[in-house]
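Chemist: model the following, please.
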Amino acid sequence: MDKEIILEKIKKQRKFLEENSMLNYKNRILALKKLYKNIQIMTPEINEALKKDLNKGEVESYMVEIGMVLNEISYMVKHCKEFSKPKRVSTPLAQFPSSSYKIPCAYGMVLIISPWNYPFMLAIEPLVDAICAGNSAIVKPSEISPNVSNVIQKLIEMTFDEGHVTTVLGGVEECTFLLDQDFDYIFYTGSTRVGEIVMKKAAEHFTPVTLEMGGKSPCIVDETANIPLTAKRIVFGKFLNCGQTCVAPDYIYCDEKVKEKLIYELKRQIILQYTTDPINNTEYPRMINQKQYDAMRSFINDENLIFGGKCSDEKLKIEPTILNATFEDEVMKEEIFGPILPIVTFNDIDEAIKNVNSLNKPLAFYVFSSSKENQNKFINRCPFGGGCINDTIVHIATPNMGFGGLKQSGIGAYHGKIGFDTFTHYKSILDKKTWLDLSMRYQPFNKFKTFLIKLFMR
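Modeler: I've put the predicted structure just below:
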């Protein structure tokens, strides 16, 4: 996209904000309701675009993309008025007589940069939170999923005034140019490598950021776990979207004593959920492009293969694959982001915790165990963004909890009230009354004033 066009879009957004037309919560709710309606109208087009880009089936597309966005909109419409009200807070006695409150205010013009793996949901869901908070937004969807990017552009054009929300399509050049501009907030979802670039660019303008990235999210299975159910839920979470999910279980770390039983159940569940021929299963997604496909193939060899491993160069498909692994193997060096599931084993829980914590802090963490003691050990001693006990992925599918990572896996969070807060600056106001003025803070000081100051401020 031409740079002059991008600058014109930014100019329109600044003008829109100056007119204050979206500060009223009622207008925000109307905008969200219109977005909800238009998503429903465009659902067939969204499904078709997701099919073209990732070979996602309609049910999966609704469950993990469209439905999650609609749920977020419904939640924000219901709570927008409440979230937008000034919040009274207590006032110290030393400030008598006065009252204190916080006023939620939009940051202003927001840049949302979204990825290709969940191209619809990860572009529109943060947009919903930004709109609810009263911001304008420029959405930069991924060029790697072009069909969905075009649908997003169409949806936004038919829903919003260009000064309120608009899109910028293109690749690295357009994204770099956008990052050179002065935004009021940047929301980025993608790789840690690019997240580092985004953060450096934002620092040039002192722009606050939310970074949603990823990492090697472990899936712990101890000897007390319900192995059949564990395998069923791991297979669901790992191979959803062909493993191209930032919160997918990256690897299994299981007690040596249950390894063989777990492998047996994993094989059984892969066949039950994806048939004996996943390559030709029309509901099984594909790798996004040749680069990702080749990267995943490089992990598979005869020495480490336990199950699966079949590939289709023509379809860019790799069937669900289980590998033997150690922490020294190449497959354990970086986030996998594909249908490859390594299994590493441990004999001691303390040793397992030490090894998990030797890696970068993950976005997600999963513990399968019937032991409360073991659950608590892992959950309390391992740092991570969020996770589940005895399940995978579903912790992100609620507006009542924030979703985000920490350090290498992310900065900040969103969804629901936390999403509103992410795109909101709270002005702290103390309203001091004029009918009384306590003199203890004014010079000259004396013993009595000193006594009062120490009394009120201890």
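Chemist: may I have stretch 207-219 as CSV, with CA atoms only?
Modeler: Provided in CSV are the C-alpha atoms of stretch 207-219 (Å, rounded to 0.1, in the frame of the first residue of the first chain):
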residue,chain,number,x,y,z
THR,A,207,4.2,4.1,23.0
PRO,A,208,2.8,1.5,25.4
VAL,A,209,2.5,-2.0,24.0
THR,A,210,0.8,-5.3,24.4
LEU,A,211,2.8,-8.2,23.0
GLU,A,212,1.2,-11.6,22.6
MET,A,213,3.8,-14.1,21.5
GLY,A,214,4.4,-17.8,22.3
GLY,A,215,7.1,-20.3,23.4
LYS,A,216,7.5,-23.9,24.3
SER,A,217,4.4,-24.6,26.3
PRO,A,218,4.9,-27.8,28.3
CYS,A,219,2.3,-30.5,28.9
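Chemist: give the rounded mean pLDDT of that stretch.
Modeler: Rounded to a whole number, the mean pLDDT of stretch 207-219 is 95.
Chemist: next one: that stretch to chain centre, how far?
Modeler: Computed by C-alpha atoms, centre = their mean, to the nearest Å, the chain-centroid distance of stretch 207-219 equals 7 Å.
Chemist: ok, and for that stretch, which residues are buried?
Modeler: 207-219 (16 or more other C-beta atoms under 10 Å). Where C-beta positions appear, they are placed from N, C-alpha and C, glycine not excepted.
Chemist: tell me the one of those residues nearest Cys105?
Modeler: Closest to Cys105 out of those is Pro208 (13.4 Å), distances taken as C-beta to C-beta.
Chemist: what's the nearest residue to the closest one if we skip its chain neighbours?
Modeler: Tyr185 (5.6 Å; C-beta to C-beta, 6 or more residues apart in numbering).
Chemist: check the burial of the one you found by counting its neighbours.
Modeler: Tyr185 is surrounded by 24 other residues when neighbours are defined as other C-beta atoms under 10 Å.
Chemist: which residues touch Ser191?
Modeler: Neighbour list for Ser191: Pro115, Met213, Gly214 [criterion: C-beta atoms under 8 Å, 6 or more residues apart in numbering].
Chemist: can you tell me which of the residues you listed are in strands?
Modeler: Among the contacts of Ser191, no member is found in strands (DSSP state E).
Chemist: which one of those residues is nearest Lys291?
Modeler: The nearest member of the contacts of Ser191 to Lys291, counting by C-beta to C-beta, is Pro115 at 14.3 Å.
Chemist: could I have the CA atoms of stretch 436-443 written out in PDB?
Modeler: Once side chains and other backbone atoms are set aside, the C-alpha atoms of stretch 436-443 remain, and they are given as PDB (Å, rounded to 0.1, in the frame of the first residue of the first chain):
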ATOM      1  CA  LEU A 436     -12.400  23.400  55.000                       C
ATOM      2  CA  ASP A 437      -8.600  23.600  54.600                       C
ATOM      3  CA  LEU A 438      -6.400  21.700  57.100                       C
ATOM      4  CA  SER A 439      -3.300  23.800  57.900                       C
ATOM      5  CA  MET A 440      -1.000  21.100  59.000                       C
ATOM      6  CA  ARG A 441       0.700  20.700  55.500                       C
ATOM      7  CA  TYR A 442       1.600  24.400  55.300                       C
ATOM      8  CA  GLN A 443       4.800  26.000  56.700                       C
END
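Chemist: next, the buried residues of that stretch.
Modeler: When burial is assessed from 16+ other C-beta under 10 Å, stretch 436-443 yields no buried residues.
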